[in-house]
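Peer 1: Provided below for reference: sequence and predicted model.
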Amino acid sequence: MRKEEILHTLKRDIVTLALKPGTVLSETVMSEQFQISRTPLRDVLKQLALEQYINIYPKKGNVVSYINLESVEQMIFLRSVLEKEIVQNLSGRLQLPGILELKDSLAAQEKAIASANSSCEQFLECDDAFHRTLFHLAGRSFLWNLLQQSNVHYARYRRLHLLKQEKLQDILREHHRILEGLVQGDALHLPALIDRHLREDINSLFLQQNFREFLQPELP
């Protein structure tokens, strides 16, 4: 495999939690798995470390990074600031094609929830599509793509929260309210709705109680 393919594969496996936080990545095992020599493999590992997917320790080796809740909070803050501005700009100005695109996204989310074979990955793709469409309709696709480049901690945090079955329905209901507010031109209440939608779980005990071993320990 080429270095780019290996990098993509490892990123995907880390973000989807196929490789769990704290997992040690053996260079010997990966070299055999990907049929690649140590030198280009180390280039891949250095890039993963640069983007916070892994940490490289002199003696312990290459370890999948633990979820940093401080990084999660910073990403939520940034998304909240951007998306509140976006929905205010779009409020009452959405054209029919944009409305239909967002409605299609909501229908896909409903289908993902209803399907017996669906996974949180399918729902997450639909969830991302809804928010990505908002950025696109506001002419801010560049900012959406920029956010995805620093997304490793937030992406894993989201996946763990979606293991609460009721969470999928909550997100879908909030998406419906956001679209309704955009169509009705409710610029006054949309920012608070976005803030709640993105920030509601940050102080939740769910991760601490169920996935403490995946979280980066807080400094004393």
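Peer 2: Right, received. Where do you want to start? For clarity, every value in this text was computed on a predicted model and none was experimentally measured.

Peer 1: Can you tell me the SS state at the residue nearest the centre of the chain?
Peer 2: Nearest to the mean C-alpha position of the chain, counting by CA atoms, centre = their mean, stands Ala155 at 2.8 Å. Recorded secondary structure, Ala155: helix (DSSP: H, G, I helix; E, B strand; the rest coil).

Peer 1: Could you do Asn55 as well?
Peer 2: strand.

Peer 1: Strands of the chain, start to end?
Peer 2: 24-25, 54-57, 61-64 (DSSP state E).

Peer 1: Make sure Thr23 is actually in contact with Val63.
Peer 2: Yes. Taking CB atoms under 8 Å as the definition, Thr23 is a contact partner of Val63 at 7.0 Å. For the C-beta atoms, the positions are set from N, CA and C on the backbone; glycine is no exception.

Peer 1: now the residue nearest to the centre of the chain, nearest residue through space, not along the chain?
Peer 2: Val15 (4.8 Å; CB to CB, 6 or more residues apart in numbering).

Peer 1: per-residue pLDDT, the nearest residue to Gln47 once chain neighbours are set aside?
Peer 2: With sequence-adjacent residues excluded and distances taken as CB to CB, 6+ apart, Gln47 is closest to Leu7, at 6.0 Å. Per-residue confidence (pLDDT) for Leu7: 96.
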